[in-house]
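# Build me a model:
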Amino acid sequence: MDTVVGKVKSKACLLVLTERKTRRKIVRKMPDKSMESMVRTFGEVLSSGAYSKEDFKTITSDNGSEFMNADYFEGMGIPYFYAHSFCSYERGSNENNNRLIRRFIPKGRDIGDYTDAFVQTIEDFMNNYPRKLFSGKSANEMYAVSKAK
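Residues are numbered from 1 along each chain as shown. Below is the predicted model of the structure:
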């Protein structure tokens, strides 16, 4: 789990969750980079019906202030871990996905200027992108196979 921030003076950011096994992404726009917004946005992901808390075996995040509510996840039965400070390689898949987001939203741009529909377009692109790791299959294809088991 990570956040992607835009323009320095803008509050809006993106919450990015990456499923480790299939590299499937969930990208949601948040009004600000606060712990409350992160909890609300994660709750919206669960309440949408597309995902359940059982889909999240563990969550690993960086040490940002927006992720300082481990009790929220632990209360749902989701083990929560923090990566070591300055060790972005411990969340390599997430960092690589953030780079894909930057194809659409360059650094320095205000994320608040982008619509939720555009953010959904980014998520769809990332989840349908063929991966060398999966012999040309996309994250959505790998996720469908893992759900069928």
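# List the buried residues for the one helix or strand in the chain whose mean pLDDT sits lowest?
When the helices and strands of the chain are compared on mean pLDDT, DSSP states H and E, helix 92-104 comes out lowest with a mean of 85. In terms of neighbour count (16 or more other CB atoms under 10 Å), helix 92-104 has its buried residues at Asn94, Asn97, Asn98, Ile101. For every residue, glycine as well, the C-beta is placed using N, CA and C.
# show me what contacts the first one?
Under the criterion of CB atoms under 8 Å, 6 or more residues apart in numbering, the contact partners of Asn94 comprise Met1, Asp2, Val16, Thr18.
# Can you name the residues that contact Met68?
Met35.
# Quickly note the distance from it to Glu54.
For Met68, the distance to Glu54 (CB to CB, to the nearest Å) stands at 24 Å.
# and if you look at Phe134?
Counting by CB to CB, the gap from Phe134 to Glu54 is 23 Å.
# Pick out whichever of the two has more residues nearby.
Phe134 (14 against 9; other CB atoms under 10 Å).
# Surely the more buried one touches Met142?
Yes: between Phe134 and Met142 a contact is recorded at 5.4 Å, counting by CB atoms under 8 Å.
# Phi first, then psi, for Val16.
phi -120, psi 120 (degrees, to the nearest 10).
# before we move on, what SS does Lys29 have?
strand (DSSP: H, G, I helix; E, B strand; the rest coil).
# Can you tell me the closest non-neighbouring residue to it?
Val119 (5.0 Å; CB to CB, 6 or more residues apart in numbering).
# Now find how far off-centre the least confident helix or strand of the chain is within its chain.
Relative to the centre of its chain, helix 92-104 is centred 10 Å away, using CA atoms, centre = their mean, to the nearest Å.
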